[in-house]
Structures are given as C-alpha cells and as structure tokens.
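In: can't give you the sequence, but here's the structure:
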C-alpha cells in the first residue's frame, strides 16, 4: 500500500458520531476505535483499518474499496450498501451486522466471521472466502459467482434464489442450509457436508460431488445433469423429480439408499423396472462414467 495520510485518530474518535460523508480515503487508521460512530456514506477507500473497532457503527453506504481491514471488527454494525470491493477482510468479525446489498467483489476474507448477519442481495463475485463463517446468515438473492468458499461454514444459512455458479465449496459445510432455486452450475462440492440441506429446484449442472455427504438432503426437482457422484453418501437423499441424466459414477446402491420416483431421470447406464409406485429393481451397465 502506498504511503498513507497521517490523521489525528484521537480527534476522529472524539467526533465519531459526526462523521457522515467524511473524506478519509488513504488514511492510516490502524487500531482506531469508532465503535458506535456515525459514518454514513463515509469515504474510506484504500485506508489502513487493521484491527479497527467499528462495532455497532452506522456505516450505510460507506466506501471501503481497496482498504486493508485485517482483524477489524464490525460486530452488529449497520452497513447496508457498503462497498468492500477489493478489500482484505481476513480474520475480520462482521457477525450480527446488516450488510444487505453490500459489495465484496474480488475481496479477500479468509476466515472472516459473518455469522448471523443479513447479507441479502450481497455480491461476492470471485471473492476469496476460504474458511469463512456464514453460519445462520441471510443470503437470499446473493451473488457468489466464481467465489472460493473452500472449507467455509454455511450451516443453517438461508441462500435461496442466489447465483453461485462456478463457486468452490470443496470441504465446506452446508448442514441444514436453504440453497433452493439457486444456480450452482459448474460448482465444486468435493468432500463437502450437505446433510439436511435443501436444494429444491436448484440447477447443479456439471457439478463435482466426489466424497460429498448428502444424508437427508432435499434435491427434489433439481437439475443434476452431468454431475459426478463418485463415493458419495446418499442416505435419505430426496431425488424425487430430479434430473440426473448424463451424471457419472452413480450406482444402484446409492439410489437404493435415496428416495426417487417415476419422474426421476437417470443416466443411460442405469435401468429401472418399477414394481409399484415405491418399489423397483435397478440394474447398471459396466460403464458408469
């Protein structure tokens, strides 16, 4: 980061409740305490805010583009439409905050904590989010296209109607998450934990699921065309009405542990002979992928 402006941090802390639209870009604010402050629409581009305290601050519309926010704390802050594009938020704490319609495109937020936050309509295009926590967050209509969510925790998250294509969820936890009606085409879910998750009516074309745990997950009506099911666990998985055509490494044993119906579409190498509405005989050819 280029040389930053030296500012009187003590003076800013003293008037933190009167910093609406403040022009503070390129300032060195490391460790500053602006908790409970009012910084609506403040300009904070390319600042050093390492380990800054912004808990419960009013930051609606604030612009942090390109800032260094490693270890900063934004717990229970108001940050509607805040801009965190190209910031470094690694290790930052943002739990319980309102970040609806905020931008995190191309941000780096390794092991950042967003749990219990409102992130509806937030954008995380190509963000680096490895190991981040999104437990119990609200992410309806969010955008994670191309994001890296390896080993992230999204357990209990509510993510319906979101765009998540080509995101990397390998090793991630989505236990009991609502991922219904989402676009997840080309995603990587290898070794991920999807137990009890709801993917109803979602699009998961050409997704990698090697080693994924689907126990109790709901994929009713989902499109799983061309997905790779190598060594997956499907106990109690709901595949009623799902489209699994062109999928690979799917076996009769896996299907027997899941729930399917006559509307479930299967790859050509698996043949079913229905004995009743719930019972069937399954056979597979030698080629499974």
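Out: Structure's in. What do you need? Not measured: the values here are computed from a predicted model.
In: Determine the number of other residues adjacent to residue 41.
Out: Neighbourhood size, residue 41 [other C-beta atoms under 10 Å]: 15. (C-beta placed from N, C-alpha, C; glycine too.)
In: Then residue 248?
Out: Look at residue 248: counted by other C-beta under 10 Å, it has 16 neighbours.
In: surely it meets residue 267?
Out: Yes - if you go by C-beta atoms under 8 Å, residue 248 and residue 267 touch, sitting 7.3 Å apart.
In: pLDDT below threshold where in this protein?
Out: By pLDDT under 70, the weakly predicted segments of the chain are 1-2, 286-289.
In: and the end-to-end length of stretch 240-255?
Out: Start and end residues of stretch 240-255 are separated by 11 Å (C-alpha to C-alpha, to the nearest Å).
In: typo on my end, stretch 124-132
Out: End-to-end distance for stretch 124-132, by C-alpha to C-alpha: 12 Å.
In: can you list contacts of that stretch?
Out: Applying C-beta atoms under 8 Å, 6 or more residues apart in numbering, the contact partners of stretch 124-132 are 104-114, 142-153.
In: List the buried residues for it?
Out: Within stretch 124-132, the residues that qualify as buried are 124-125, 127-132, counting by 16 or more other C-beta atoms under 10 Å.
In: Can you lay out these as JSON lines showing secondary structure?
Out: Below are these laid out as JSON lines (DSSP: H, G, I helix; E, B strand; the rest coil):
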{"residue": "124", "secondary structure": "coil"}
{"residue": "125", "secondary structure": "coil"}
{"residue": "127", "secondary structure": "coil"}
{"residue": "128", "secondary structure": "strand"}
{"residue": "129", "secondary structure": "coil"}
{"residue": "130", "secondary structure": "coil"}
{"residue": "131", "secondary structure": "coil"}
{"residue": "132", "secondary structure": "coil"}
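In: Please identify which pair of these lies farthest apart.
Out: Farthest-apart pair in these is 125 and 131; separation 19.0 Å (C-beta to C-beta).
In: need the helices for this structure, in chain order.
Out: According to DSSP state H, the chain carries its helices in the segments 9-14, 252-257.
In: Deepest in the core, which of these is it.
Out: helix 252-257 (a mean of 16; mean count of other C-beta atoms under 10 Å).
In: Show me what that helix is packed against.
Out: Judged by 3 or more C-beta pairs under 8 Å, 6 or more residues apart in numbering; DSSP states H and E, helix 252-257 is in contact with strand 280-284.
In: So what touches the strand it packs on?
Out: With C-beta under 8 Å, 6+ apart as the test, strand 280-284 has contacts from 251-252, 255-256, 269-275.
In: next one: stretch 102-115
Out: Contacts to stretch 102-115, defined as C-beta under 8 Å, 6+ apart, come from residues 79-97, 99, 119, 122-137.
In: hang on, residue 24 packs against residue 42?
Out: Yes - assessed by C-beta under 8 Å, residue 24 is found in contact with residue 42 at 6.2 Å.
In: So which of these two has more stuff around it?
Out: Neighbours were counted for residue 24 and for residue 42 using other C-beta under 10 Å; residue 42 has more, 26 against 20.
In: thought the more buried one was touching residue 21?
Out: Yes - between residue 42 and residue 21 a contact is recorded at 6.3 Å, counting by C-beta under 8 Å.
In: Is there a quick PyMOL command that grabs whichever of the contacts of strand 280-284 are buried?
Out: To isolate the buried members of these in PyMOL, using 16+ other C-beta under 10 Å:
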select buried, resi 251+252+255+269+270
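In: can you put the contacts of strand 280-284 in CSV and add distance to residue 169?
Out: Shown next, in CSV, are the contacts of strand 280-284 (distance: C-beta to C-beta, whole Å):
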residue, distance to residue 169
251, 23
252, 27
255, 23
256, 26
269, 27
270, 26
271, 32
272, 30
273, 36
274, 34
275, 37
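In: ok, now how distant is residue 119 from residue 5?
Out: Counting by C-beta to C-beta, to the nearest Å, the gap from residue 119 to residue 5 is 31 Å.
In: quick one: which of these two has more around it?
Out: Neighbours per residue (other C-beta under 10 Å) separate residue 119 from residue 5, with residue 119 holding more: 26 against 11.
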